[in-house]
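Novice: need a 3D model of the sequence below.
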Amino acid sequence: MATTKQQQRRARGFATVLTAAVLAGPGAVQAAAAAPLPPLRVHAGNSSLVGAARCARNRAAGQVTYLTGFGWQASVGILDAVAAKAQGYYSDLCLNVTIDAGTGNPAATGQLVATGRATLGELGSPSDAITDVAGSPSIPVDAVATYGNTTASTLLTMPDITNLRQLDGKTIGYKGAMPPIITAMLEKAGVKISSLHEVSVGYDPRILPRGEVQALTAYKSNEPLQLRDEGYKVRQWDPGAFGLKGAFNVLDVNRKWAGAHPGALEDFLRATFKAFQFCRAHAPTCINDAAKYQPGYPKQLNLQRWQVESGSVVSTLLPGRPLGYEDVAQWQPEYHLLLGYHLISHSVNLASIIDARYVDAIYKGRALRWPGP
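Specialist: Sure thing, here's the model as predicted:
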């Protein structure tokens, strides 16, 4: 069955880089920020930093262009890359890295990586990578890392909604496309999907407290924080509480470049993940580094975003697995949603687009080999 344009738009909206922790209520942001989550350990590798041969090898890889998921916000996969450059981790490993701001369009990111105009790019979720490949089966990219093992999306209502069935016949606002994981949650809750009025809205979450919509799809580290900071109380509905699983923040790489420079790719991931650890311990420093890229950068909001998202990553690490680890089982829940809602027209071999060997190579258990290998 061929997908319609509307279905394709819905697929693009399944997840974005504005992903975060599972939030249970108004106080959950503070709790996630303060929770004593264990930092990832660093495994001491070689006693010296980088030998001449390895340095020459990485320099031979040329300029590595990394495309962020959405601007310079303090999301995972953005702030840690900014910090890796600012703290000199890339240059320590003789990598020449340029970071460009993405627009939040996963299809555009996939094409830029596929054509080599970007070396690596950040996608919102496995579904973005799956949808890209389903649309262009020969697209020459591979997913090499997945950060978080929780759903990215949430549904916001005002506090007077205490049962999702109260949304029957009501208006739900979405950005870009209605996330299928939200539709799946509503179905599981017994909502009459055919009765809903789904409308495309802009990026002002205040349309919810103003009553323009009765529910609003959101990203857990973004709109809930904005509304809370403006004094609004809202209720969050987490798909995870309904048994729905997802993942967020996938790194795609140009397959040809990765095949030619596997060591440089490993070292890019190594430096980026070391910066993730640094920003977990020194978030204000990393926020200040990101602020240099954007005039008027909202530091406090981005600090909260980083604390929530990075906390979510650490708290949802797969048992015994390190940051960035990915496998087919991790991606299957989103894949089955895409198939179930006919958002992709044919099956996709997940194993053909996941290449976990680069992450595997830079760890000893959960301990990052720095400077490695």
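
Novice: does the spatially closest residue to residue 201 that is not a sequence neighbour count as helix, strand or coil?
Specialist: Nearest residue to residue 201, sequence neighbours excluded (CB to CB, 6 or more residues apart in numbering): residue 173, at 3.7 Å. C-beta here means a position set from N, CA and C on the backbone, and glycine is covered the same way. Secondary structure assignment for residue 173 (DSSP: H, G, I helix; E, B strand; the rest coil): strand.

Novice: I'd like the distance between the most centrally placed residue in the chain and residue 187.
Specialist: When the chain is reduced to its mean C-alpha position, the closest residue under CA atoms, centre = their mean turns out to be residue 249, at 2.2 Å. With distances defined as CB to CB, to the nearest Å, the gap from residue 249 to residue 187 amounts to 26 Å.

Novice: so where do the strands sit in the stretch 51-200 of the chain?
Specialist: With strands called from DSSP state E, counting those that start in this stretch, the stretch 51-200 of the chain shows them at 63-67, 96-100, 120-123, 141-148, 153-157, 171-174, 197-200.

Novice: circling back to that earlier point, could you say what helices and strands the helix or strand that contains the residue nearest to the centre of the chain packs with?
Specialist: Using DSSP states H and E, the secondary-structure element containing residue 249 is strand 248-254. Packing contacts for strand 248-254, counted by 3 or more CB pairs under 8 Å, 6 or more residues apart in numbering; DSSP states H and E, involve helix 106-114, strand 120-123, helix 126-135, strand 141-148.

Novice: how about those in CSV, adding mean pLDDT, distance to residue 83 and mean neighbour count?
Specialist: CSV is the format used below for the helices and strands packed on strand 248-254 (pLDDT from 0 to 100; distance: least, CB to CB, whole Å; neighbours: other CB atoms under 10 Å):
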stretch, mean pLDDT, distance to residue 83, mean neighbour count
helix 106-114, 93, 21, 22
strand 120-123, 96, 15, 28
helix 126-135, 89, 24, 26
strand 141-148, 96, 15, 26
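
Novice: any chance of CSV for these, columns distance to residue 236?
Specialist: Output for these, formatted as CSV (distance: least, CB to CB, whole Å):
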stretch, distance to residue 236
helix 106-114, 24
strand 120-123, 24
helix 126-135, 21
strand 141-148, 17
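
Novice: list the contacts for the closest residue in space to residue 122 that isn't next to it in sequence?
Specialist: Once its chain neighbours are removed from consideration, residue 122 has its nearest residue in residue 69; the separation is 3.8 Å (CB to CB, 6+ apart). Contacts here follow CB atoms under 8 Å, 6 or more residues apart in numbering; on that basis residue 69 touches 16-17, 75, 77-78, 102, 104, 109, 121-124, 249.

Novice: swap in residue 134?
Specialist: Contact analysis of residue 134 by CB under 8 Å, 6+ apart lists 338, 344, 345, 346, 348.

Novice: buried members of those into ChimeraX, please.
Specialist: Only the buried members of the contacts of residue 134 end up in this ChimeraX selection, burial being decided by 16 or more other CB atoms under 10 Å:
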select :338,344,348
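
Novice: show me what contacts residue 112?
Specialist: Contact partners of residue 112, counting by CB under 8 Å, 6+ apart, are 67, 118, 121.

Novice: just give me the neighbour total for residue 333.
Specialist: Using other CB atoms under 10 Å, residue 333 is surrounded by 18 other residues.

Novice: hang on, I meant residue 174
Specialist: Around residue 174 sit 22 other residues, with neighbours defined as other CB under 10 Å.

Novice: got it, and the one 4 residues further on?
Specialist: The burial count assigned to residue 178 is 24, neighbours taken as other CB under 10 Å.

Novice: thought residue 197 was touching it, still the case?
Specialist: No. Residue 178 is beyond contact range of residue 197, at 11.4 Å (criterion: CB atoms under 8 Å).

Novice: shared neighbours, the two?
Specialist: Taking CB under 8 Å, 6+ apart as the contact rule, the neighbours common to residue 178 and residue 197 are residue 172.

Novice: buried sites along stretch 282-296?
Specialist: Buried, per 16+ other CB under 10 Å, within stretch 282-296: 283, 286, 287, 289, 290, 291.

Novice: in the chain, which helix or strand is least confident?
Specialist: Of all the helices and strands that make up the chain, the one with the lowest confidence by mean pLDDT, DSSP states H and E is helix 28-34; it has a mean of 34.

Novice: endpoints of stretch 168-186, how far apart?
Specialist: Stretch 168-186 has its terminal residues 10 Å apart, counting by CA to CA, to the nearest Å.

Novice: distance from that stretch to the middle of the chain?
Specialist: Its chain's average C-alpha position is 20 Å from that of stretch 168-186, according to CA atoms, centre = their mean, to the nearest Å.

Novice: again with stretch 67-80
Specialist: Distance of stretch 67-80 from its chain centroid, counting by CA atoms, centre = their mean, is 9 Å.

Novice: let me see the mean pLDDT of it.
Specialist: Taken as a whole, stretch 67-80 has an average pLDDT of 95.

Novice: same question for stretch 158-175.
Specialist: Here stretch 158-175 scores 97 as its mean pLDDT.

Novice: and the strand or helix carrying residue 336, what's buried?
Specialist: According to DSSP H and E, residue 336 maps onto helix 328-340. Judged by neighbour count (16+ other CB under 10 Å), helix 328-340 contains these buried residues: 330, 331, 333, 334, 335, 337, 338, 339.
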